[in-house]
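S.K.: model this:
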Amino acid sequence: LTVTLSFLPAVNAFLKRISHAACVVNSQVLLSLVKLIVCLSLLASCSSPSTSKFTAKKYLAIAAGDQMSCAILANGSPWCWGENSNTLGVLSNPLVENAHLTPQRLHSSGSWRSISAGYNVACGIKSDYSLWCWGSNQYGALGIDEYGDRSTPTEIIITDDNGKIAWLQVAIQMHHACAIDSQRRLWCWGRNEQWQVADQQVLAEKYQQHQSGQTPVADFERVIFTYLQQSSHQHYERPILVDFTKRWSQVSVGLDYTCAIDIGKQLYCWGGRVLETTEDKHLQQGFLQISENKSWQWVATGNNYICALDDQSAAWCWSLQAGRIIEPQPISFANSWLSISSKNIHTCGVSSEKKLVCWQGDQSPKVLPLVNLFKDTRWEQIALGDTHICGIDSEQSLWCWNFVTQADNSVKKPEFSDTSDIAFAARLGDK
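M.R.: Okay, the predicted model is just below:
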């Protein structure tokens, strides 16, 4: 619209010349009327649901947080948008102060491989496998061994006996985070009041077992154990190992708990709401194993709701409720899935046919309404935030839209479910 309106001065001058030449008495009235018609026509064309004339950027990855979202472009550059109290953050509305409604380039050099977004906090891994976090540092959520928020990415540097550690995956939620290094070791940090990072008592026992094992204790492991002994179990401002011998393939962080899959395709969860499902508050080996007779490849955590993909790419979901034994329930909206993302009690997934399906609940899951604009879209990735969803389609275009959660956690059918309201289902691009 800004570019098109730049032609108005030329139209204005042209009409003035015509008016002067014709000696029209009411030229100003005519001029105003024509300008009004031109503006209305331009506005109508800009509000059209068609986006065929909009040149979109190409995106590789997307992460949706509570009050912020981030994405990585095809050239590896990181961008974030939304609430900007400590970071660049969410889909927001014009009434929210300090909000960026369009993606803003992070103040960071180099290209990026992945990003995870939480509540006013985010972490990412660069192409050189270095780990960076920024945003709110409450409870040591940034893992930088000191406190104070960071408005720009700050590197987490951990060394083992071989030097600086390289990182493969990171996951962050509100006040704690976890990451897997190139040796498949799992590290977590931040708030630990409900043992969402690690059970310090169990971890001390593991260290003693490790000491008496055949594999010698490394110097960096001794440093970690000394730090554990000297620090409060309520939070860790630097990453710690959650196990000294186990190796991992993927991790997901919930509101006050953590779930991870080891290299043997076994799924484990611990901390917070997970502990409420069992009488054994000090879990065996610090973890609660989920359906030990199954093999898993991916897990996605919400607030008190978890979904996972088994080794056949079938989806299973379950709620974390006090006194309720964890029993994963099958999700039958598709036979197999490429990816899933969970938040609160909601999940969105991309099926093997690259169709997008969103649902809530595990016992009798209910499909959520989607913007009709996407009925023919083929999807590659999906990320579910607190009240918004972002996805990357097969053309590498990035779309985001919001949804309304009612008091009973059900989702109100969105008023923007048809193509007439493009303002809340927007493709993010060059402008």
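
S.K.: only C-alpha atoms for contact and neighbour calcs from this point on.
M.R.: Will do.

S.K.: residue ranges for the helices of the stretch 101-250 of the chain, please.
M.R.: Remark: helices of the stretch 101-250 of the chain, listed N- to C-terminal, are 200-211, 219-230; assignment by DSSP state H, counting those that start in this stretch.

S.K.: closest to residue 358 out of the ones you listed?
M.R.: helix 200-211 (37.4 Å; CA to CA).

S.K.: Quick check, residue 349 in contact with residue 380.
M.R.: No: in terms of CA atoms under 8 Å, residue 349 does not count as a neighbour of residue 380; the distance is 9.9 Å.

S.K.: shared neighbours of these two, anything?
M.R.: Both residue 349 and residue 380 are in contact with residue 338, where contact means CA atoms under 8 Å, 6 or more residues apart in numbering.

S.K.: So which of those two has more stuff around it?
M.R.: residue 349 (27 against 23; other CA atoms under 10 Å).

S.K.: residues contacting the more buried one?
M.R.: Neighbouring residues of residue 349 by CA under 8 Å, 6+ apart: 337-341, 356-358, 382.

S.K.: Try it again at 7 Å.
M.R.: Contact analysis of residue 349 by CA atoms under 7 Å, 6 or more residues apart in numbering lists 337, 339-341, 356-358, 382.

S.K.: Let me know the pLDDT of it.
M.R.: In the prediction, the pLDDT value recorded for residue 349 is 94.

S.K.: how near is it to residue 254?
M.R.: Distance of residue 349 to residue 254, computed by CA to CA, to the nearest Å: 18 Å.

S.K.: and the nearest residue to residue 402 once chain neighbours are set aside, how many neighbours does it have?
M.R.: Spatial nearest neighbour of residue 402, chain neighbours left out: residue 388 (3.9 Å); criterion: CA to CA, 6 or more residues apart in numbering. Burial of residue 388, expressed as a neighbour count using other CA under 10 Å, amounts to 23.

S.K.: coming back round to it: to residue 278, which of the helices of the stretch 101-250 of the chain lies closest?
M.R.: Distances from residue 278 to each of those were compared by CA to CA, and the smallest falls on helix 200-211, at 16.3 Å.

S.K.: Buried ones in the closest one, by neighbour count?
M.R.: Taking 16 or more other CA atoms under 10 Å as the basis for neighbour counts, the residues of helix 200-211 that come out buried are 200, 202-203, 206-207, 210.

S.K.: That helix to helix 219-230, inter-axis angle?
M.R.: Helix 200-211 runs at 150 degrees relative to helix 219-230, counting by axes from the mean of the first three to the mean of the last three CA atoms, to 10 degrees.

S.K.: Using PDB, write out every CA atom in helix 200-211.
M.R.: Backbone C-alpha positions of helix 200-211 (Å, rounded to 0.1, in the frame of the first residue of the first chain) are rendered in PDB as follows:
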ATOM      1  CA  GLN A 200      19.700 -33.900  42.800                       C
ATOM      2  CA  GLN A 201      19.500 -36.800  45.200                       C
ATOM      3  CA  VAL A 202      19.200 -39.400  42.400                       C
ATOM      4  CA  LEU A 203      21.900 -37.600  40.400                       C
ATOM      5  CA  ALA A 204      24.300 -37.900  43.300                       C
ATOM      6  CA  GLU A 205      23.600 -41.600  43.500                       C
ATOM      7  CA  LYS A 206      24.200 -41.900  39.800                       C
ATOM      8  CA  TYR A 207      27.600 -40.200  40.200                       C
ATOM      9  CA  GLN A 208      28.600 -42.600  42.900                       C
ATOM     10  CA  GLN A 209      27.600 -45.500  40.600                       C
ATOM     11  CA  HIS A 210      29.600 -43.900  37.800                       C
ATOM     12  CA  GLN A 211      32.600 -43.600  40.000                       C
END
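
S.K.: list the helices and strands that helix packs on?
M.R.: Under the contact criterion of 3 or more CA pairs under 7 Å, 6 or more residues apart in numbering; DSSP states H and E, helix 200-211 touches no helix or strand at all.
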